[in-house]
Each structure stands twice: as structure tokens, then as C-alpha cells.
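just the structure for this:
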Amino acid sequence: MSTTPIRLERPDGKGLAAGTLGLWGSTVIGLASTAPVYSLVATLGFVVLAVGAQAPIAFVVAFVPMLFIAFAYRELNNAVPDCGTTFTWGTKAFGPWVGWMGGWGVAVAGMVVLANLAQIGGIYFWALVDGIIGSGDDALLSDNVPLVTATGVVFIALMTWISWRGVEIGERVQNILLAIQYLALAIFVVAALWQYFAGSAPGATPFAWDWFNPFAFEEWSGFTEAILLALFIYWGWDTCLALNEETKDPKRIPGLAALLTCVLLLFTYVSVTVAAMMYAGLGDTGTGLGNEANADDFFLAIKDGLLGPVGWVLVVAVLISAVSSTQTTILPTARGTLAMGVYRALPERFKTVHPRYKTPSFSTLVMGVVASVYYIGMTLISDNILQDSILSLGLAIAFYYAITGYACVWYFRRELFTSGRNIVYRLVLPLLGALMLTYAFVQSAIDMFDVDYGYTVLFGIGGTFVLGVGSLALGVVLMVLWFLFPRSKRFFRGESLNRETPVMVPDDTAAAARSVDGGLA
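Residues are numbered from 1 along each chain as shown. Now for the predicted structure:
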């Protein structure tokens, strides 16, 4: 393979709005990407069903591989602050084929979750309207599938426009939306603990340190299920790294923001889980966390009993969480495909950057259109298939996170043992994180193969397995098709991107062109 470096004569890097985000803005976008309120709503009940009182320690254990991979992201970003992240790093470490698939993993995860977030946004928007106008149970607007789908598509379009319009305006919007989410979570925790100590909590359960005992899990299957569920709610912090070329210090701030995001998420999830357990208990009836009827939306089940006439606050929080994450999910996928276009791993059109707003204009619009088409198509075919595609999301997440961990070890292989710091942060932690996620991928695939997993059966096996593995296999097909085009040859020969290719980031971010909101240079 050729290792001749390519000289890309573009002093402003890829043309993005360099020097725009600080540590605060980068962290806010990372937190918003995880959709903390919605993630808890969608996951907490199922985690409790899987491991009961060990739910808090399950969130702690799931945090470990995320933290380890965050260190891998930080180390790679220090050396190669490229918005292509996994695609760029995987290509530099293992070559074009692995790198291309890493980029596809990021893209397919974003596409699937956008459909889910759009649907949640539509459902909760009309649930809020139902609560205001007092719709009867037989005429709930939130049950109107065409109406919910159309609303979801509008949300995708709106957030695509904000992402296209500029990273500054996106940051400003996210500051407001994230503040509302955390205000709602604070209200939830305070109200739950208040009722517990006042003796009015429906399932009052005293706090126990045993909830944090990692050796108290009763069944291995329940433990692995809970960890896989918990991994999903941490996903999204890597958006900080995808915006590295738009931060004021591309080598330092993105990695620090990612680590800070992970720690804040850990504190958020554990504190809310503990408060919920103390308030509702683990019973399998009523508002108990062990009640299967409440598993898919615990907040909705308890909002009236917990907050009375202001229970709508939790509905608004979930709506905002889903819509907020819709915008921040578009950001990394658009920048990933931008990088792939720049290095000729995708058609040249993908590297287009808006001359005024300094955003990956074509990639952003493509992401919005593809997500909308996917969402509408899955809804028309079967809502069950859409739900199974969402359940399969963990495979794509574990896939590209693991590639990043292995890429860190291999990229720095020549200097791993030059210092104790390198051994810890470039070898041990990334490798452990990658191995954990590889196990998560394999175990998830085995579980999803079962016909009883998920909502559908396709080709005689679990529909979730078919959709999860199938989406990654589709990436292989698309990669081979692109390989057949003459314009792809420089990438697949290792000429347009290899270990020696210089990073396309301006050396002086203060002097680089900014978007219209940051002031054109």
C-alpha cells in the first residue's frame, strides 16, 4: 500500500467555522446528543426489570467502557483532530476498508436514532396537546400515526435547518433546551425525595448501599441485558469530537468535553435512578419500577402522582430531549460524511461547505432527507420493524466505538511503551474498552438472533438481528459499489488518506474564517 502523503492545499482546513466552540459549548452539545431525559424514560424501567435493585450499579458498570473509549477518542483527537473521527482514525490505523466501515457505523446509528427521536417528538408533542385540550381516550391525537409521523418529519426538517444554518445558532438553541431538560430532572429528583421523606411516596423504599454492589447481580443474562441497555443511554458524547475542527482548541477541548460529558451523565443517571427507586419502589404493580406496563415510559406513569397539576413538565422535558437530540445527532453524521467526501471515500459533493454559514451543507441536507425517508418508510411498512431497528442500534454503536478503541492502540503502537502514561491511556484503557464493546456486540447479536427478541421475525430469525447486522452488511455493499467508481481509487489505494496525511485543520483558529453568526473574517 502506498504511504505517499497527499497535500491538500486548503489553508482553512475543510472550510468549517474554526474557533467557534469553547469547552462549555462543546460539553452542552455532547450532553444534548445523549438526550438524557428521553434516554432515562426509554431505559430505566427495562434496566430495573432486568436487574431489580442493582439498577444504579448497572449504570456505573456501563459507564466504564464508555469512559475507556472516551480516553481513546481524546488521545486520537490530540494527534489527529479531524471531524471524521472514527472514519479518519480507523483509516489511518487499519486502512481504507476498516475506516470506511467505521464511518458507516456512525452514519447508520445516526439515521436509525433520528427516526426514533422524530417519532418520540411527534408522540409527546401531541400528548401535550391531548393533555391541554382534554382529548378522550378514543380520540387521542398522539395515537394518530399519520399525524405523529408528519410532525416527526417537521422536527427533522427544523433541526436539519438549524444544523445547516450554523454551529453557533445550534449551540445557542442547545443551551436553552438542555437547561430545560436538567431543570425538569432536578424537579423530578427533589419532588421524589420530598415525597419519600414526607411519607407520601407510593412505593417508599429506603436507600441501600447494596444497590451499588457489583457482586449482587443474580443472573448473568439479566446483568448483560442491563449493561447493553445502559450503554445506549451514554451514547452521543462523541459529538464533542466530531465538532473538533470548530472548537477554539481542536486538540484539547473536544477530548476534555467528552470526558466531562461522560462524568456528568453518570451523575445524572445514577441520581435520578436512586430518587426513582426511593419514590416508586421496585414493585410490579401500580407505579412500581418493576411493573412491566410502565417499563417503556416510567415518567408518564408517575407524572400526575408526583407533580400533580404540573405533571406536564415531564412531558415537555421528554419532548424537548428528543427534539434537542435530533439536531445534535445530525452534527456528527454530517461531519463524518464531510470528511469522507474530502478524502474521496464518498462522492465529491459531500465535501461541500456553505460559504457563509461554514457548515457541511450537502452532508447535512442529505442526512435530514435520508432520516426522513427512512422514518416514513419504516412507519409505512410496520411500526414493529421501526421499533426493532431501534433495538438493534446497540450493534452499530458498539461496532464503531470498538473500532475506535482498537485504532487507538494500533495507531500509537510504536510509542505505547515509551511512558507510563502511554501504557495507560493509549494501550490498557482503550483496549479494555474495545474488548468490552466487542463482547457487547457479540452478546447482543446472539440475543437478537432469538425469535422472541424484539417485535418481529424475519427469515425465521429475530428481526432485530436481521436489521442490526443487515444495516452493517449494507455498508459493505455500498463500500464495494463506491470502490467500483474510478474516483474512489485514490482512497482505496491509501493515497488520499493514510497515516502520513496531514490534518486539514487551520493552525491558527483565531484567524480562520467564521460562520456568519461568529463574524466573517
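
how about I403, secondary structure?
Of the three states, I403 takes helix under DSSP: H, G, I helix; E, B strand; the rest coil.

per-residue pLDDT, it?
Confidence at I403, expressed as pLDDT, is 97.

can you tell me how far the residue lying closest to it once chain neighbours are set aside is from K351?
Leaving out its chain neighbours, the residue that sits closest to I403 by C-beta to C-beta, 6 or more residues apart in numbering is G102, at 4.4 Å. To be clear about C-beta, it is placed using only N, CA and C from the backbone, and glycine gets the same treatment. Counting by C-beta to C-beta, to the nearest Å, the gap from G102 to K351 is 18 Å.

higher neighbour count, the two?
G102 (30 against 20; other C-beta atoms under 10 Å).

show the contacting residues for that one.
By C-beta atoms under 8 Å, 6 or more residues apart in numbering, the contact list for G102 reads T86, F87, W89, G90, T91, Y400, I403, T404, A407.

what does A127 give?
L140, L141, S142, L300, V315.

hang on, the first one packs against V129?
No. Using C-beta atoms under 8 Å, L140 and V129 do not qualify as a contacting pair, with a distance of 9.6 Å.

could you look up the SS state of T328?
Under three-state DSSP, T328 comes out as helix.

just the buried residues of the contacts of A127.
With neighbours counted using 16 or more other C-beta atoms under 10 Å, the contacts of A127 contain these buried positions: L141, S142, L300, V315.

who's in contact with the first one?
Spelled out, it's L141. L141 sits in contact with W126, A127, V129, D130, S135, L147, where contact means C-beta under 8 Å, 6+ apart.

same thing with the third one?
With contacts defined as C-beta under 8 Å, 6+ apart, the neighbours of L300 are V41, A127, L314, V315.

just the buried positions in the one helix or strand the third one maps to, please.
Using DSSP states H and E, L314 sits in helix 312-342. Neighbour counts using 16+ other C-beta under 10 Å place 313-342 of helix 312-342 among the buried residues.

try stretch 284-296
For stretch 284-296, by 16+ other C-beta under 10 Å, it's T287, G288, L289, G290, N291, N294, A295.

again, but for stretch 30-48
Across stretch 30-48, burial judged by 16+ other C-beta under 10 Å covers 30-48.

now go through these and say which are in strands.
Counting by DSSP state E, those place none of their members in strands.

surely T501 is within a strand?
No. Assessed with three-state DSSP, T501 is coil; it does not lie in a strand.

give me the number of residues near it?
Counted with other C-beta under 10 Å, T501 comes out at 22.

now it, what are its backbone angles?
phi -60, psi 130 (degrees, to the nearest 10).

measure it to T224 for me?
Relative to T224, and taking C-beta to C-beta, T501 is found at 39 Å.

same deal with F155?
F155 is 34 Å from T224, by C-beta to C-beta.

so between those two, which is more surrounded?
F155 (23 against 19).

quick one: low-confidence ranges for the stretch 401-521 of the chain?
504-521 (pLDDT under 70).

can you give me the helices for it?
420-422, 429-449, 463-483, 489-492 (DSSP state H, counting those that start in this stretch).

and which of the contacts of G102 is nearest M448?
Closest approach to M448 among the contacts of G102 (C-beta to C-beta): Y400, at 17.6 Å.

state the pair within the contacts of A127 that is farthest apart.
So, these by C-beta to C-beta: farthest apart are L141 and L300, at 15.3 Å.

from Y196, how far off is the nearest residue to P202 once chain neighbours are set aside?
Spatial nearest neighbour of P202, excluding adjacent residues (C-beta to C-beta, 6+ apart): T287 at 5.2 Å. T287 sits 13 Å away from Y196, going by C-beta to C-beta.

A79 now?
For A79 relative to Y196 (C-beta to C-beta), the value is 49 Å.

more neighbours: which of those two?
More crowded of A79 and Y196, by other C-beta under 10 Å: Y196, with 21 against 15.

quick one: contacts for that one?
Going by C-beta under 8 Å, 6+ apart, Y196 touches A204, M278, Y279.

any idea how many residues pack against the second one?
Burial measure for M278: 22 neighbouring residues, criterion other C-beta under 10 Å.

any idea which helix or strand carries it?
helix 253-280.

tell me what that helix is packed against?
If contacts are counted by 3 or more C-beta pairs under 8 Å, 6 or more residues apart in numbering; DSSP states H and E, helix 253-280 sits against helix 23-33, helix 36-51, helix 55-79, helix 167-198, helix 220-234, helix 239-242, helix 298-307.

okay, the ones you listed, which one's buried deepest?
helix 239-242 (a mean of 30; mean count of other C-beta atoms under 10 Å).

what is the rounded mean pLDDT of it?
In the prediction, helix 239-242 has an average pLDDT of 84.

between helix 463-483 and the longest helix anywhere in the chain, find me the angle.
The single longest helix within the chain, with elements called by DSSP state H, is helix 96-133. Angle between the axes of helix 96-133 and helix 463-483 is 130 degrees (criterion: axes from the mean of the first three to the mean of the last three C-alpha atoms, to 10 degrees).

list the buried ones in helix 96-133?
Quick answer for helix 96-133 (16+ other C-beta under 10 Å): 96, 98-128, 130.

so for that helix, mean pLDDT?
89.

now do the next helix-or-strand element following that helix against helix 96-133: the angle between them, please.
As assigned by DSSP H and E, the chain's next helix or strand after helix 96-133 is helix 145-165. Orientation check (the same axes, to 10 degrees): helix 145-165 against helix 96-133 gives 120 degrees.

for helix 145-165, C-alpha coordinates in CSV please.
Extracted as CSV, the C-alpha positions of helix 145-165 are listed here (Å, rounded to 0.1, in the frame of the first residue of the first chain):
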residue,chain,number,x,y,z
VAL,A,145,-49.9,7.6,13.2
PRO,A,146,-50.0,9.9,10.1
LEU,A,147,-50.2,13.0,12.3
VAL,A,148,-47.3,11.8,14.5
THR,A,149,-45.2,10.9,11.5
ALA,A,150,-45.8,14.2,9.8
THR,A,151,-44.9,16.0,13.0
GLY,A,152,-41.7,14.0,13.4
VAL,A,153,-40.7,14.8,9.8
VAL,A,154,-41.2,18.5,10.6
PHE,A,155,-39.0,18.2,13.6
ILE,A,156,-36.2,16.6,11.5
ALA,A,157,-36.6,19.3,8.9
LEU,A,158,-36.4,22.1,11.5
MET,A,159,-33.3,20.7,13.2
THR,A,160,-31.7,20.0,9.9
TRP,A,161,-32.2,23.7,9.0
ILE,A,162,-30.6,24.7,12.4
SER,A,163,-27.7,22.4,11.8
TRP,A,164,-27.3,23.8,8.2
ARG,A,165,-27.7,27.4,9.4
